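A.B. asks: Kindly generate the corresponding structure for this input.
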Amino acid sequence: MNNVATSRHVHVPVQTERVTLVGVFAIILVGAIYAGYHLVDDLASVPAEAIMPYILLGIALLIALGFEFVNGFHDTANAVATVIYTHSLPAYIAVVWSGIFNLLGVLASSGAVAFGIISLLPVELILHVGSSAGFAMVFALLIAAIIWNIGTWFFGIPNSSSHTLIGSIIGVGLMNQMLSPSSGTAGVDWNQVYGVGRALGFSPLIGFVLSALLLLLSKAMIRIPKLYTAPVGSAPPPWWIRGLLILTCTGVSFAHGSNDGQKGMGLIMLILIGTVPTAYALNRTIGPDQAPVFATLSTRTGDVLAKHAAAGDVKDPSAVLTDTLRTKTIQPDEMAALGAMVKTVAAQVAKFHSLSDVPANQVGNMRNEMYLLSENIGFVKKHAADSFSADEWNDVGAYKKAIDNGTKFIPTWVKVAVAIALGLGTMIGWKRIVITVGEKIGKDHLTYAQGASAEIVAMATIGLADAYGLPVSTTHVLSSGVAGTMVANGSGLQWATIRNLIMAWVLTLPASIIIAGALYFVFRQVF
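C.D. replies: Sure, this is the predicted structure:
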């Protein structure tokens, strides 16, 4: 291997590391106190009828944050690999810098990816997440993802936490269907899985091809030899190259936080809804001032649905809407059921004036009704859009957005807790993955232009996916981007590493499916 960096280049000076860690852990302590205070404050308004839900809540939150902690081993570590191996930043500063911008990315995230992940789960488990089966689902898919991520991290193989989590969800869905084959129990939404899998499957190819093309384009247009040379010794590059690489590292870290951080947030919200629905099933920040607007939107949407509904009443609108999501087929009474449910929810909001005043014993049911409305409207728009005019969809779409504001929300303290878990994972477990990306993909040392090309493509790809609510893998995009630049540069690849990466990519889905399915079976018996 030619002039490849060794692990001494990522050595952290002990004294400087201690000073830095004191400051970082001070920030983490403040964040943990903030998250803990707001959690306790939220729970204070919940009537304490039994201790068990709180025990389950604590265990589930620890497991969910543990998943994000392990996520930091893999995905966030990729963001700092290029700046460390081009000596643009010392390792300890790079890790802290990346952690800060992961935090900002998490805080700025929209939540679209979080709720996109949740929609992959069987519908009856989402509607009854507080049941024994709901708890078994959450525990199984999180623990399965952690087991596989730790295993690949131990061997220094960059693996996608997104890929692992999707596999775990499929495993739970399949086992859920196998346990009740004759009851019509929902399994896996293969259309949703296909859409998410397509994003995960194509992202490595996008990273490889675009990074290679960007490097070749740079060589043709930016004729500065220094950009295309490997670092000499441990000396940092010129300030302008250093600035470029720090900028790309910052962008990847921010994009990673805004995309990957959401996966844990969505699952934490499921946990909170299942254990303490009174506090988290509905967005209680929506006050009485918004009730008149909601009433107007409900009336308009009801009028639109009435035009398209078949004559006659629907005895059980909830069952019809649930069947649509379970079977992935629009039911004959779909429009009538939607119209009836719109009237039911409108009457409840009018009665209580705001979501914050909904009685505790009705919160869970109202949340499920609003969830069914939102998901069914989305399903109808996707599969029967021609049934409505553009103006009608404007009214129905505005109504959907209003009910989503009531159910699809993420408290700030959840975002802070996830960001802290990601940052801690990066600081503790970064070295194995960084060494693989920096040393073991190509046969030559990473050049400045290669590092910048791979990170620019990763930053753009993840940011674009986030805008469309699609989960992608930072690991896949960046590591394949580095490989693409090595090929474009004529440096050659270390095929032992590439083989391991491909094997991890191929085995992650079946392995996580099997592990999660087995755990779900066991936990169903336990709970």
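A.B. asks: For the rest of this, base every contact and every neighbour count on C-alpha atoms.
C.D. replies: OK.
A.B. asks: Just to check, residue 294 is in contact with residue 402?
C.D. replies: Yes - with contact defined as C-alpha atoms under 8 Å, residue 294 counts as touching residue 402 (7.0 Å).
A.B. asks: quick one, helices of the stretch 401-527 of the chain?
C.D. replies: Secondary structure of the stretch 401-527 of the chain (DSSP state H, counting those that start in this stretch): helices at 412-439, 448-467, 474-488, 495-526.
A.B. asks: which of those helices is buried the deepest?
C.D. replies: When these are scored by mean count of other C-alpha atoms under 10 Å, the highest mean neighbour count falls to helix 474-488 (a mean of 28).
A.B. asks: relative to helix 412-439, how tilted is the helix or strand residue 100 falls within?
C.D. replies: Using DSSP states H and E, residue 100 sits in helix 91-108. For helix 91-108 against helix 412-439, the angle by axes from the mean of the first three to the mean of the last three C-alpha atoms, to 10 degrees is 140 degrees.
A.B. asks: Which residue ranges of the stretch 51-200 of the chain form helices?
C.D. replies: 52-71, 77-85, 91-108, 112-118, 123-127, 132-154, 161-179, 190-221.
A.B. asks: if we can go back for a sec, can you lay out the helices of the stretch 401-527 of the chain as CSV showing mean pLDDT?
C.D. replies: Rendered in CSV, the data for the helices of the stretch 401-527 of the chain read as follows (pLDDT from 0 to 100):
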stretch, mean pLDDT
helix 412-439, 78
helix 448-467, 84
helix 474-488, 85
helix 495-526, 86
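A.B. asks: Any idea which of the ones you listed gets closest to residue 319?
C.D. replies: Minimum separation from residue 319 across the helices of the stretch 401-527 of the chain (C-alpha to C-alpha) falls at helix 495-526, 24.2 Å.
A.B. asks: How far does that closest one sit from its chain's centre?
C.D. replies: What separates the centre of helix 495-526 from the centre of its chain is 18 Å, taken as C-alpha atoms, centre = their mean, to the nearest Å.
A.B. asks: From residue 453, how far off is residue 445?
C.D. replies: To residue 453, residue 445 is 15 Å away according to C-alpha to C-alpha, to the nearest Å.
A.B. asks: What residues of the host helix or strand of residue 242 count as buried?
C.D. replies: Assigned by DSSP H and E, residue 242 falls within helix 239-259. Neighbour counts over helix 239-259 (16 or more other C-alpha atoms under 10 Å) mark 241-242, 244-259 as buried.
A.B. asks: hmm, back to that, out of the helices of the stretch 401-527 of the chain, which comes closest to residue 100?
C.D. replies: Ranking the helices of the stretch 401-527 of the chain by proximity to residue 100 (C-alpha to C-alpha) places helix 412-439 first, at 7.7 Å.
A.B. asks: Can you name every helix or strand that that closest one contacts?
C.D. replies: Helix 412-439 sits against helix 14-44, helix 52-71, helix 77-85, helix 91-108, helix 132-154, helix 261-275, with contacts defined as 3 or more C-alpha pairs under 8 Å, 6 or more residues apart in numbering; DSSP states H and E.
A.B. asks: mind running it again at 7 Å?
C.D. replies: Counting contacts by 3 or more C-alpha pairs under 7 Å, 6 or more residues apart in numbering; DSSP states H and E, the secondary-structure elements packed against helix 412-439 are helix 14-44, helix 52-71, helix 77-85, helix 91-108, helix 261-275.
A.B. asks: still on that earlier bit, got the angle for the helix holding residue 242 vs helix 448-467?
C.D. replies: Here helix 239-259 runs at an angle of 30 degrees relative to helix 448-467 (the same axes, to 10 degrees).
A.B. asks: if you average pLDDT over helix 239-259, what comes out?
C.D. replies: Here helix 239-259 scores 85 as its mean pLDDT.
A.B. asks: what's it packed up against?
C.D. replies: Partner elements for helix 239-259 (3+ C-alpha pairs under 7 Å, 6+ apart): helix 77-85, helix 91-108, helix 448-467.
A.B. asks: and the angle for the last one with helix 190-221?
C.D. replies: For the pair helix 448-467 and helix 190-221, the angle between their directions (the same axes, to 10 degrees) equals 150 degrees.
A.B. asks: Repeat that for the second one.
C.D. replies: Inter-element angle recorded for helix 91-108 and helix 190-221: 130 degrees (by the same axes, to 10 degrees).
A.B. asks: Check which residues of helix 91-108 are buried.
C.D. replies: Taking 16+ other C-alpha under 10 Å as the neighbour-count basis, helix 91-108 is seen to contain the buried residues 91-107.
A.B. asks: Go ahead and name everything in contact with that helix.
C.D. replies: When contacts are taken as C-alpha atoms under 7 Å, 6 or more residues apart in numbering, the neighbours of helix 91-108 outside the stretch itself are 10, 12, 17, 80, 84, 250, 253-258, 261, 415, 419, 423, 426-427.
A.B. asks: I'd say residue 253 and residue 79 touch.
C.D. replies: Yes - counting by C-alpha atoms under 7 Å, a contact exists between residue 253 and residue 79, whose distance comes to 5.8 Å.
A.B. asks: Low-confidence ranges, the stretch 251-400 of the chain, go.
C.D. replies: Regions of the stretch 251-400 of the chain meeting the criterion pLDDT under 70 cover residues 311-312.
A.B. asks: Let's see that with 50 instead.
C.D. replies: Low-confidence segments of the stretch 251-400 of the chain, defined by pLDDT under 50, are absent; every residue clears the threshold.
A.B. asks: just so I have it, where are all the helices in it?
C.D. replies: Secondary structure of the stretch 251-400 of the chain (DSSP H, counting those that start in this stretch): helices located at 261-275, 277-280, 291-308, 317-327, 334-352, 360-383, 390-407.
A.B. asks: nearest to residue 167, of the ones you listed?
C.D. replies: Shortest separation from residue 167 across these is recorded for helix 261-275, at 13.3 Å, computed as C-alpha to C-alpha.
A.B. asks: Relative to the whole chain's centre, how far out is that closest one?
C.D. replies: Using C-alpha atoms, centre = their mean, the mean C-alpha position of helix 261-275 is found 10 Å from that of the whole chain.
A.B. asks: how close does residue 103 sit to residue 223?
C.D. replies: The spacing between residue 103 and residue 223, counted by C-alpha to C-alpha, is 36 Å.
A.B. asks: What of residue 397?
C.D. replies: As for residue 397, its distance to residue 223 is 51 Å (criterion: C-alpha to C-alpha).
A.B. asks: neighbour count winner among those two?
C.D. replies: A count of neighbours by other C-alpha atoms under 10 Å puts residue 397 above the other of residue 397 and residue 223, at 17 against 10.
A.B. asks: where does the stretch 101-250 of the chain dip in pLDDT?
C.D. replies: Across the stretch 101-250 of the chain (using pLDDT under 50), the flagged ranges come out as 184-185.
A.B. asks: and with 80 instead?
C.D. replies: For the stretch 101-250 of the chain, applying pLDDT under 80 flags the ranges 110-114, 116-125, 128-131, 153-163, 180-203, 230-236.
A.B. asks: give the contact list for the nearest residue to residue 53 once chain neighbours are set aside.
C.D. replies: Leaving aside its sequence neighbours, residue 53 sits nearest to residue 275 (C-alpha to C-alpha, 6 or more residues apart in numbering; 5.4 Å). Contact analysis of residue 275 by C-alpha under 7 Å, 6+ apart lists 53, 57, 130.
A.B. asks: And the helices and strands packed on helix 412-439: which comes nearest residue 305?
C.D. replies: Nearest of the helices and strands packed on helix 412-439 to residue 305, taken as C-alpha to C-alpha: helix 261-275 at 29.6 Å.
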